[in-house]
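Novice: Pasting a predicted model and its sequence here:
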Amino acid sequence: MLGICRSLAIAAILTSTASLAFAETSSMPYSEGGYVPDFLKIVRQNNASGEPFRIEGTCKSACTLFLGIRNVCVERDARLMFHAGHDIKENRTGPDTRASRAMLDRYNDGLRSYLLEGHHMDTEEFHTLSGSELIDRFGYRECATH
């Protein structure tokens, strides 16, 4: 009887751990992007807690700030969509806006250089990279399968 109880307790722990493995993901409501300061708050919170964060599915605009989470992973079939940030107060778009700098500062050196050299942060037109490209070309960590 003790062995059965112990096995059930271990199974319960493993089940609860698996469901908590990723406290948050880039899925809704984050996937469509939004106000950069709101996303920076999430990045700071996750970096402070050390909680794992999964980028999955489509991740547009400010959602790409999640690449700045220390314990982030990217699914191979994810689609990240980058563009220049828009400063509401200054009513301008481009790589030198506060919004763009906030995004670029959260990307690793290789991705940042690629986006700037390719002029992908000059306009509000989306430039899409797959999770596989981010993993293989830019060195982001791949998520383990569910």
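Specialist: Nice, thanks for sending it over.

Novice: For the spatially most central residue of the chain, give me the pLDDT.
Specialist: Centrality entry for the chain: nearest residue to the mean C-alpha point is F66, 2.8 Å, by C-alpha atoms, centre = their mean. If you check F66, the pLDDT there is 96.

Novice: Same question for E32.
Specialist: In this model, E32 is scored at 82, pLDDT.

Novice: And it, how close does it get to G57?
Specialist: E32 is 11 Å from G57, where distance means C-beta to C-beta, to the nearest Å. For glycine as for every other residue, the C-beta is placed from the backbone atoms N, C-alpha and C.

Novice: same deal with T25?
Specialist: Taken as C-beta to C-beta, the span from T25 to G57 is 8 Å.

Novice: ok, now K41?
Specialist: K41 sits 21 Å away from G57, taking C-beta to C-beta as the criterion.

Novice: The two: which is more packed in?
Specialist: For K41 and G57, the more surrounded residue by other C-beta atoms under 10 Å is G57, and the numbers stand at 16 against 11.

Novice: Surely that one touches Y30?
Specialist: No. Assessed by C-beta atoms under 8 Å, G57 is found out of contact with Y30, at 10.0 Å.

Novice: about what we covered before: contacts only, for the residue nearest to the centre of the chain.
Specialist: S26, Y30, F39, I42, V43, F53, I55, C59, V72 (C-beta atoms under 8 Å, 6 or more residues apart in numbering).

Novice: Distance check, it against T25.
Specialist: Taken as C-beta to C-beta, the span from F66 to T25 is 9 Å.

Novice: where do the contact lists of these two overlap?
Specialist: Residues touching both F66 and T25 (C-beta under 8 Å, 6+ apart): F53, I55.

Novice: ok so, going back, okay, and the common contacts of G57 and Y30?
Specialist: With contacts taken as C-beta under 8 Å, 6+ apart, G57 and Y30 have no neighbour in common.

Novice: Sweet, I'm off.
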